[in-house]
Structures are given as structure tokens and as C-alpha cells.
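K.L.:
Got a sequence here, can you model it:
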Amino acid sequence: SGSRDVKKGLKVTPDTLFQIGSVTKSFTAAAILAAAAQGVLQLDVPVSTYVKGLAACVGAPTLTQLLSHTGGLLDEPDEFGPQGEDGLGAYQRTWTNEYCLLPPGRAFSYSNSGFSLAGLALQEIDKKPFADVMKTRVLAPLDMTRTTFRPTEAMTWPLAVGHRKGKDGRFDVVRPLANDARLWPAGTLYSSANEM
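P.N.:
Predicted coordinates:
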């Protein structure tokens, strides 16, 4: 069944939490679409309608464009960055016009950044931290009680850590645990096989 930590000899079970990567995007999209269905937000207005303080081209894409990877924004990995939840919001407001690759709607261009901006819009609408928004809008209604964005919460459950194969052919634990709160909506949700 695999090891969740080769150093400690801990085995994977159906309840073991894993960072589920870009599958996170489907949860972010579900929350945004549910909010749109409730009339809380509109999908086809510029994201700057909901997120103030953005560079003009960064604020131009609609939520539909951001969720379909046609917002024209740069992509970046969501592996290592600040741990503080205030990073989502502060970071996007630092993006300059250089962050825009193409006019919105012109072409498909995969973008973790675009999804983080879409998630920020939902955070701004609900006026509470993104992890709490997701718990209220998606995770709790689905009875996903262990699924979380917060690594310090995930660590209280059986958690699989990352591993890297060394030159000697043996696997070692990757430290620190990958996390970048600035881009949580794009790829850092923790969940288990049972909850998925």
C-alpha cells in the first residue's frame, strides 16, 4: 500500500491525507460556481469587480476566463512560499502589468496564478479566510471533515509527506513540507482517498 513516511516506516491507509495538487482547482471552481448560482457573484465581469487594488491587466479577466485558463496570466508553481494566510490577497496585489502574458480570452494558457486570483475573489466576497470559505461552501456540505488547506491541521491526521529519490537509490523525506498560502486555491488542498 506504500509508505507515508519512509523514515518512520508509516504505511498509507485510505484515511491518509495527501496534498492533492491541481485537483484542488476543481474544489475552488465548485465553490465559485456555487456562489454564482446563489447570485453572490457574477462569472462574466472583470475580477477587479471583486478584488480591488490590482494592476489594470491583472484585474481584467473574468472568473470564467480565470477558471478556464484563458485569463492570460503567467503561471507559477505553488510549492514553496509564505505560510501566512494573508499572503493570498497581498501577493496578487503586487502583480504588475508584466504578469499578463496575453489579453484575456485570447488563448488557453495554464495558470496556477489565475486560479489563485479566482479564489481570492471568493475570499473577498465572503470576507473570511479562503480555507474557511472552502470549508463552509464545499468541504462541510460534502462531509469532508479531514480535508483542509491548512498544513498545521493536516498534520494532526495521518499525513503522507513528500519523498525524493537520492543518488544512492533510496528515498528520503522532503523537508520542508511544500506549502504556499499565496496560491492555495490552485493546488495545496489535503485530502484522503476515503474523503475523495
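K.L.:
where in the protein is pLDDT low?
P.N.:
Applying pLDDT under 70 to the chain flags the ranges 1, 77-85, 176.
K.L.:
rerun that using 90 as the cut-off
P.N.:
Regions of the chain meeting the criterion pLDDT under 90 cover residues 1-13, 16, 18-21, 74-93, 95, 151-152, 154-155, 159-166, 169-184, 187-188.
K.L.:
what about the residue of it most remote from its centre, which SS state?
P.N.:
Distance to the chain centre peaks in the chain at residue 168, reaching 33.9 Å (criterion: CA atoms, centre = their mean). For residue 168, the assignment made with DSSP: H, G, I helix; E, B strand; the rest coil gives coil.
K.L.:
which residue ranges form the helices in this protein?
P.N.:
Using DSSP state H, the helices of the chain run over 24-37, 56-59, 63-67, 87-90, 112-126, 130-134, 151-154, 184-187.
K.L.:
follow-up on the earlier one: from residue 5, how far out is the residue farthest from the centre of the chain?
P.N.:
In this structure, residue 168 and residue 5 are 18 Å apart, going by CB to CB, to the nearest Å. Placement of C-beta: from N, CA and C, glycine included.
K.L.:
now do residue 39
P.N.:
In terms of CB to CB, residue 39 sits 46 Å off from residue 5.
K.L.:
more crowded one of these two?
P.N.:
Counted by other CB atoms under 10 Å, residue 39 and residue 5 do not tie: residue 5 has more neighbours, with 17 against 7.
K.L.:
Just give the nearest non-adjacent residue to the more buried one, would you?
P.N.:
Spatial nearest neighbour of residue 5, excluding adjacent residues (CB to CB, 6 or more residues apart in numbering): residue 161 at 5.3 Å.
K.L.:
neighbours around the one you found, how many?
P.N.:
Applying other CB under 10 Å, we find 20 residues neighbouring residue 161.
K.L.:
Hmm, residue 179 and it touching each other?
P.N.:
No: assessed by CB atoms under 8 Å, residue 161 is found out of contact with residue 179, at 11.8 Å.
K.L.:
give the contact list for residue 12.
P.N.:
Residue 12 is in contact with 1, 2, 3, 4, 160, counting by CB atoms under 8 Å, 6 or more residues apart in numbering.
K.L.:
so can I have a markdown table of the residues you listed showing distance to residue 175 and neighbour count?
P.N.:
Output for those, formatted as a markdown table (distance: CB to CB, whole Å; neighbours: other CB atoms under 10 Å):
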| residue | distance to residue 175 | neighbour count |
| --- | --- | --- |
| 1 | 23 | 8 |
| 2 | 19 | 11 |
| 3 | 16 | 15 |
| 4 | 15 | 19 |
| 160 | 14 | 19 |
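K.L.:
which one among these gets closest to residue 53?
P.N.:
residue 160 (37.3 Å; CB to CB).
K.L.:
My guess is that closest one contacts residue 13. True?
P.N.:
No: Residue 160 is beyond contact range of residue 13, at 10.0 Å (criterion: CB under 8 Å).
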